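S.K.: coords please:
(chains A, B, C and D)
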2 protein chains.
Amino acid sequence: MEQTYTISDLAHEFDISTRTIRYYEERGLIHPGRTEGGQRIYSRKDRTHLRLILRGKRFGFSLEEIAEMINMFDQDRSGKKQLEVTIQYGRKKIKEVDEKIQDMVALREEMESLLQDFQSRLQQLKGEESR
Amino acid sequence: MEQTYTISDLAHEFDISTRTIRYYEERGLIHPGRTEGGQRIYSRKDRTHLRLILRGKRFGFSLEEIAEMINMFDQDRSGKKQLEVTIQYGRKKIKEVDEKIQDMVALREEMESLLQDFQSRLQQLKGEESR
DNA sequence: ATTCTAGTTTACGTTAACGTTAATGTCAAT
DNA sequence: ATTGACATTAACGTTAACGTAAACTAGAAT
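M.R.: Numbers count the residues shown, from 1 in each chain, chains lettered A, B, ... in the order given. Got it, this is the predicted structure:
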């Protein structure tokens, strides 16, 4: 009933090496179970974590930062105080992401205006050509 | 008339080390001039380049990728063919940035919904408390 | 039971992006 | 002219994030 995966299942799915997956475990980012014989078994949750890790990486977060986030959101937060701390942390991280998005949009616009420039130069050339 | 900067001027402004700035030059990302005595002089253009480099870094681009972009946009593109190639390249890069932005917005939403979850759990606790 | 594929640990290697140190030179100010 | 702050090159060191190889084990298939 509970869907599980081998290490190479996930390696194929996410197009990364098994070494990479084991390394993430070594760094405390995932915590797969084991079979009787000692082989790793990955749950749906582990798979979700992997997806999150790779997403974070694409934004330039370090594994350490990602680990911090995952563990923050993933632990058992029953106490009121704990919950409040977690929420504060989450707000902070969301703000960071917002800033990155804004920054990125600015970059996009810079690139766009550069391109416009090149475009009009090209039009210019084409105009001269058919003169 | 032409505003220039020393290496430590820029290091302070961008809060990076002089070593880092020299390293960027070593990798072909900037090309400052020199004084009679051999010291580097940075122009406004160099400063702009630096800003671009740091921006790119914050998005997880490698120095090699950034170098590629800078040199692509920075050369003298007079020929029609050259212009067309540059425009193609620019479109591709903008697309990459767009994808990163989308990806990032998705992450933001994931985080937000996690937070909502914690928020309502906290409300729950507060409710029980005043019962 | 054996064979094959995939898994495990250990450990050394590699690359990017700098940090650090040493030995020396430049420039602005006194 | 000398001092002090900043500059230069050269070279070795460091860290994160894996790659790679070796020597061995587990599990599925015949």
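
S.K.: buried set for the biggest strand by length in chain A?
M.R.: Secondary structure of chain A per DSSP state E: the longest strand is strand A:40-43. Buried residues in strand A:40-43, defined by neighbour count with 16 or more other C-beta atoms under 10 Å in any protein chain shown: A:40, A:42-43. Using the backbone N, CA and C atoms, a C-beta is placed for each residue, glycine as well.

S.K.: return the member of those residues nearest to B:Ile70.
M.R.: When the buried residues of strand A:40-43 are ranked by distance to B:Ile70 (C-beta to C-beta), A:Tyr42 comes first, at 41.2 Å.

S.K.: close to DNA strand D, is the longest strand of chain A?
M.R.: No: counting by C-beta under 7 Å from any atom of the strand, DNA strand D is not contacted by strand A:40-43; separation bottoms out at 9.5 Å.

S.K.: which SSE is the most centrally placed residue in chain A in?
M.R.: By C-alpha atoms, centre = their mean, the mean C-alpha position of chain A lies nearest to A:Arg55, the distance being 1.6 Å. Following DSSP states H and E, one finds A:Arg55 within helix A:44-58.

S.K.: now do the buried residues in that helix.
M.R.: A:46-47, A:49-50, A:52-53, A:55-56.

S.K.: and DNA strand D, which of those residues reach it?
M.R.: Among the buried residues of helix A:44-58, none lies close to DNA strand D by the criterion of C-beta under 7 Å from any atom of the strand.

S.K.: how about residues contacting stretch A:43-63?
M.R.: A:2-5, A:10, A:13-14, A:16, A:21, A:24, A:27, A:29-33, A:42, A:65-66, A:69-70, A:97, A:100, B:57-60, B:100, B:103-104, B:106-107, B:110 (C-beta atoms under 8 Å, 6 or more residues apart in numbering or on different chains).

S.K.: just checking: which of those also lie near DNA strand C?
M.R.: Answer for the contacts of stretch A:43-63 near DNA strand C (C-beta under 7 Å from any atom of the strand): B:Lys57.

S.K.: which of the contacts of stretch A:43-63 fall within helices?
M.R.: Cross-referencing these against helices under DSSP state H gives A:10, A:13-14, A:21, A:24, A:65-66, A:69-70, A:97, A:100, B:57-58, B:100, B:103-104, B:106-107, B:110.
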